[in-house]
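**Student:** Okay, predicted coordinates and the sequence, questions at the end:
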Amino acid sequence: MIRPSCRTGAPPAEPIIAATDAVALPLLVVEIRPATHADRDAIWKIFHEVIAAGDTYPLDRDASRDEALAYWFQRGAHVYIAELDGLKPSSSQGAERVVGSYTLHPNQSGGGGHVANAAFIVSTAARGQGIGQAMGEHCLREARRLGFRLREFTRMN
């Protein structure tokens, strides 16, 4: 949803967060939803792109697909994707519609299980459009909904 402007020539409307967890960005709607097994190829593509660049996460740049997905979908993880919702005319189909992902999980086991930790990835082509921010806001709501009492985020891309 984009707020309509009240007069011709007014600056573009500010994006707003819809109650459905679809986020309206200028000319772009991104739906954030739980990841399914079918999303793994798209997540691997973005994960590999981000990790291979070596600019953010201190993970092995040569991690295999299986190793990467085992990390992202680790035990206790809640994984979500940001997917283009089709409002913006685009040739994006299937995996190309997935533009980001985040994994939310307990920071530690046992006594640290009440602290949430999360990691975020956004495809290079989709950066600078507010997708990371939308996932961060969604993540905070999900952490609260899942019963985490504290949240710790150490790295974001």
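**Tutor:** Here it is on my side, so go on.
**Student:** would you say Phe120 is within a strand?
**Tutor:** Yes. Counting by DSSP: H, G, I helix; E, B strand; the rest coil, Phe120 falls inside a strand.
**Student:** distance of the residue nearest to it when sequence neighbours are not counted from Asp62?
**Tutor:** Nearest residue to Phe120, sequence neighbours excluded (Cβ to Cβ, 6 or more residues apart in numbering): Tyr102, at 4.5 Å. In short, each C-beta sits where N, CA and C put it, glycine included. According to Cβ to Cβ, to the nearest Å, Tyr102 and Asp62 sit 23 Å apart.
**Student:** higher neighbour count, the two?
**Tutor:** Tyr102 (26 against 9; other Cβ atoms under 10 Å).
**Student:** Output the contacting helices and strands for the helix or strand that that one is a member of.
**Tutor:** For Tyr102, the host element (DSSP states H and E) is strand 98-106. Packing partners of strand 98-106 (3 or more Cβ pairs under 8 Å, 6 or more residues apart in numbering; DSSP states H and E): helix 40-53, strand 78-84, strand 115-122, helix 131-145.
**Student:** okay, the angle between the last one and strand 115-122?
**Tutor:** In this structure, helix 131-145 runs at an angle of 160 degrees to strand 115-122, with axes from the mean of the first three to the mean of the last three Cα atoms, to 10 degrees as the basis.
**Student:** Okay, buried residues for helix 131-145 please.
**Tutor:** Of all the residues in helix 131-145, those buried under the rule 16 or more other Cβ atoms under 10 Å are Ile131, Gly132, Ala134, Met135, His138, Cys139, Leu140, Glu142, Ala143.
**Student:** Any idea how far it is from the middle of the chain?
**Tutor:** Here the centre of helix 131-145 is set off from its chain's centre by 8 Å, with Cα atoms, centre = their mean, to the nearest Å.
**Student:** Each with direction, which strands does the very next helix or strand once past it pair with?
**Tutor:** Downstream of helix 131-145, the next assigned helix or strand under DSSP H and E is strand 150-152. Partner strands and pairing direction for strand 150-152 (DSSP bridges) are strand 115-122 (parallel).
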